[in-house]
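Participant: Based on what follows, work out the 3D shape:
(one chain, ligands or ions: 2)
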Amino acid sequence: MPGTSLRILFSAQQIQKRIQEMGAQIDADYPDGSLHVVCILKGACFFMADLARAIERDVVIDFMGISSYGGGKSTSGAVQLTKDLDTTVEGTDVLLVEDIVDSGVTLNYLINVIQQRKPRSVRVAALLDKPDRRQRPVKVTYVGFQIPDEFVVGFGLDYAEQYRNLRDICVLEEPPAA
Ligand code: IMP
Ligand code: MG
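Facilitator: Residues are numbered from 1 along each chain as shown. Ligands and ions are numbered 1, 2, ... in the order given. Just a heads-up that it's a prediction; the model follows:
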């Protein structure tokens, strides 16, 4: 995009190493049995694909679509379900997989939606966490990296639908106003 520049925060290699560690931790934590991995679209698509392959137990994969952003850099506060699960989660261990937890509004809403369906357990795995920005409480059991309050793109994360296919996670920097 014109007028912006990208600074690498986590390289593709660092991301992959951390995801392998998270997969091993998840395998160690859960009792035997299948895990219901729910990808929150669209930002978590690459993270989920790599995390699910870093988990060795059986997994069921499903997708939920949510939109809480306009085209900007902070949440609109209104969460909308744009795609529901294809599978039932009653009695299953659900792992919600999210790209980044920012205000917490999205996950706070989604955890409630899932809880109403009576799963055995619900946990969250997020690649990135911006704890300074939290408005709603969310327990994130598996965090890839904690980051300061900066806007990041790449590895699934977008700004106005751009940059999702970058292999690294980058800070999107704008030049100071002239
Ligand atoms: P929350 O509801 O405020 O926690 O927002 C979570 C969603 O906001 C994430 O799934 C992202 O889609 C988006 N988001 C939050 N921070 C960033 C960022 O730094 N870059 C790109 N998207 C972000
Ligand atoms: Mg998202």
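
Participant: Pull up the gap between Phe155 and Val113, please.
Facilitator: Using C-beta to C-beta, to the nearest Å, one obtains 25 Å as the distance from Phe155 to Val113. The way it works is simple: take the backbone N, C-alpha and C, and place the C-beta from them, glycine included.

Participant: So which of these two has more stuff around it?
Facilitator: Per other C-beta atoms under 10 Å, whichever of Phe155 and Val113 has more neighbours is Phe155, with 28 against 14.

Participant: Let me know whether that one touches Ile15 as I believe.
Facilitator: Yes: counting by C-beta atoms under 8 Å, Phe155 touches Ile15, with 6.0 Å between them.

Participant: shared neighbours, these two?
Facilitator: 127, 168-169 (C-beta atoms under 8 Å, 6 or more residues apart in numbering).

Participant: Neighbour-wise, which one of the residues you listed leads?
Facilitator: Within the shared contacts of Phe155 and Ile15, neighbour counts (other C-beta under 10 Å) peak at Leu127, which reaches 30 neighbours.

Participant: What is the neighbour count of the residue lying closest to that one once chain neighbours are set aside?
Facilitator: In this structure, Leu127 finds its nearest non-sequential neighbour in Gly144, 4.0 Å apart by C-beta to C-beta, 6 or more residues apart in numbering. Residues near Gly144, counting by other C-beta under 10 Å, number 24.

Participant: Quick one: classify Gly144 as helix, strand or coil.
Facilitator: Recorded secondary structure, Gly144: strand (DSSP: H, G, I helix; E, B strand; the rest coil).

Participant: For Arg164, see how far away it is.
Facilitator: Relative to Arg164, Gly144 is positioned 17 Å away (C-beta to C-beta).

Participant: same deal with Val105?
Facilitator: Per C-beta to C-beta, Val105 is found 21 Å from Arg164.

Participant: So the one helix or strand in the chain whose mean pLDDT sits lowest, near ligand 2 or not?
Facilitator: The least trusted helix or strand in the chain, going by mean pLDDT, DSSP states H and E, turns out to be strand 80-83, with a mean of 92. No: shown here: strand 80-83 not in contact with ligand 2 (C-beta under 5 Å from the ion), separated by at least 11.3 Å.

Participant: That strand packs against which elements?
Facilitator: strand 59-67 (3 or more C-beta pairs under 8 Å, 6 or more residues apart in numbering; DSSP states H and E).

Participant: Output the strand it packs on in CSV with nothing but the alpha carbons.
Facilitator: Extracted in CSV, the C-alpha atoms of strand 59-67 (Å, rounded to 0.1, in the frame of the first residue of the first chain):
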residue,chain,number,x,y,z
VAL,A,59,-8.5,-33.7,15.2
VAL,A,60,-11.8,-32.6,13.6
ILE,A,61,-11.4,-29.3,11.8
ASP,A,62,-14.2,-26.8,11.5
PHE,A,63,-14.6,-23.1,10.7
MET,A,64,-16.4,-20.1,12.1
GLY,A,65,-16.7,-16.8,10.4
ILE,A,66,-16.9,-13.6,12.4
SER,A,67,-16.6,-10.0,11.5
